[in-house]
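J.: quick check, what structure comes out for this input:
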Amino acid sequence: MATLTVIAVGGLREDFFRRAADEYKKRLGASFTVREVEIKEEKISASPSDAEIANALDREAERILAAVPKRAFTAALCVEGEELSSGELSARISGEMSGGVSSFCFIVGSSHGLSDKVKRSCAARLSMSRMTFPHQLARVMLYEAIYRATEIMKGTGYHK
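T.: From the prediction side, this is the model:
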C-alpha cells in the first residue's frame, strides 16, 4: 500500500477542522497508509518585518525537510503553484504510482507560507486556488482533494 504523509505547520485549533481532516484521513486509509506530521509554527511579532518572516520560515524549513520521507514524491502547497483539476491531480498521482512511486508527501505551510528552500526541494508546487484560504482549511481541502483523486482512479461516483 502506498503511503501519504502530510506535513503541516501548526495544529488544527478548531474542532470542526480536526473532525473534517480526520474523516478524510479515515477515508484515505483504504488507499494509503496516512501519516500526518505537525511542525511547530515559529512565533513572530504582531507586525513582523519581511526579514523576521523569512527567518521564521527558514527555521520551520529545517524541521519540515527533516520530516520528509526518503524517496517520497513531494509537493508544496503555495500560491504560485500549479492549479490542477481533480482529474489532473488524479492523473498525476496515478502517473507517479505507475512510475514506481509508493510514497507521497504534501507540505502545507503556515499563514506566512513556506520557505523557498522547501519549495525548491519539492518535485511539484501546487495551488488550491488563486483565492486565499486559511492554512488550516487548506489542510482539510488537501485531504479532500487527494481523496477525490483516489476515487477518480477507482472509478467511483464520488467525484461527480
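J.: so in this protein, which strand runs the longest?
T.: In the chain, with assignment by DSSP state E, the single longest strand is strand 73-83.
J.: what's near enough to touch R27?
T.: Shown in contact with R27 (CB atoms under 8 Å, 6 or more residues apart in numbering): Y147. Glycine gets a C-beta too; all of them are placed from N, C-alpha and C.
J.: before we move on, back to that, other SSEs contacting the longest strand of the chain?
T.: strand 103-108, helix 116-121, strand 124-127 (3 or more CB pairs under 8 Å, 6 or more residues apart in numbering; DSSP states H and E).
J.: tell me where the protein has helices.
T.: Using DSSP state H, the helices assigned to the chain run over residues 15-28, 50-67, 86-98, 116-121, 135-154.
J.: buried set for the second one?
T.: It refers to helix 50-67. By neighbour count, and taking 16 or more other CB atoms under 10 Å as the criterion, the buried residues in helix 50-67 are 53, 56-57, 60-61, 64.
J.: cool, and stretch 147-157?
T.: Residues 147-152 are the ones in stretch 147-157 that count as buried (16+ other CB under 10 Å).
J.: and the closest residue to F133 other than its chain neighbours, how close does it get to E62?
T.: Distances taken as CB to CB, 6 or more residues apart in numbering place M141 nearest to F133, at 6.8 Å, with adjacent residues excluded. Note on M141: its distance to E62, by CB to CB, to the nearest Å, is 26 Å.
J.: circling back to that earlier point, winner for burial among the helices and strands packed on strand 73-83?
T.: Greatest average neighbour count among those goes to strand 103-108 (a mean of 23), per mean count of other CB atoms under 10 Å.
J.: so that strand versus strand 73-83, what angle?
T.: Angle, strand 103-108 to strand 73-83, by axes from the mean of the first three to the mean of the last three CA atoms, to 10 degrees: 50 degrees.
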